[in-house]
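Novice: pasting the sequence and the predicted model now:
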Amino acid sequence: MNEMILKFPACSENEVFARNAVAAFALPAEPTLSELSDVKTAVSEAVTNSIVHGYRDRTGWVTVFCRLDGASLYIEISDEGRGIPDISKALEPFFTTLPSEERSGMGFTIMQTFMSEFEVESKENEGTKVKMSKRFSAGQARNAG
């Protein structure tokens, strides 16, 4: 088992850093290119949500925690921003609080689709934590054999 914690300012240029760092961290589990792409996309969506929605009118920090355990990657992405008043509404496809910025409202749907497990915790004015995991097929086959 291995773990990693990243903490960085909530600015858009750090989204690429976060997704690439998590992808590199996952490599020992031998993910397929498709699985790695799924992880990178989900991390991008979660980090972007923290930056765009969590800290819309202020600065702050985003924290990424990862744990790699055999063929499974566990990720938590959290902020201390605005929080989500209604998580069930926010999880609906196409729901966005920023339609004027041409946001598609598909971020959570993409995370749910690309990851094996997905959960959101949030409190207004305290922040949001996205928890997700991915089980990699190559690592599963190696561990089974």
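Specialist: Cool, got the structure.
Novice: going forward, measure contacts and count neighbours with C-alpha atoms only.
Specialist: Will do.
Novice: and the helices in the protein?
Specialist: Under the criterion DSSP state H, the chain contains helices at 14-26, 33-49, 87-90, 107-114, 137-144.
Novice: and the ones you listed, which one's lowest on average pLDDT?
Specialist: The weakest mean pLDDT among these belongs to helix 137-144, with a mean of 57.
Novice: residues near residue 117, how many?
Specialist: When counting by other Cα atoms under 10 Å, one arrives at 14 neighbours for residue 117.
Novice: quick one: it and residue 130 touch, right?
Specialist: No - when contacts are counted by Cα atoms under 8 Å, residue 117 is not listed as touching residue 130 (10.6 Å).
Novice: circling back: save the helices of the chain as CSV, and put in distance to residue 57 and mean neighbour count too.
Specialist: Converted to CSV, the helices of the chain look like this (distance: least, Cα to Cα, whole Å; neighbours: other Cα atoms under 10 Å):
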stretch, distance to residue 57, mean neighbour count
helix 14-26, 18, 18
helix 33-49, 13, 20
helix 87-90, 19, 13
helix 107-114, 20, 20
helix 137-144, 41, 13
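Novice: nearest to residue 62, of the ones you listed?
Specialist: Residue 62 sits nearest to helix 33-49 of all these, at 7.3 Å, using Cα to Cα.
Novice: packing partners for the closest one?
Specialist: helix 14-26, strand 72-79, helix 107-114 (3 or more Cα pairs under 8 Å, 6 or more residues apart in numbering; DSSP states H and E).
Novice: make TSV from these and add distance to residue 44 to it.
Specialist: TSV is the format used below for the helices and strands packed on helix 33-49 (distance: least, Cα to Cα, whole Å):
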stretch	distance to residue 44
helix 14-26	6
strand 72-79	10
helix 107-114	9
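Novice: what's the closest of the ones you listed to residue 90?
Specialist: helix 107-114 (7.8 Å).
Novice: that closest one vs helix 33-49, what angle?
Specialist: Relative orientation of helix 107-114 and helix 33-49, computed by axes from the mean of the first three to the mean of the last three Cα atoms, to 10 degrees: 160 degrees.
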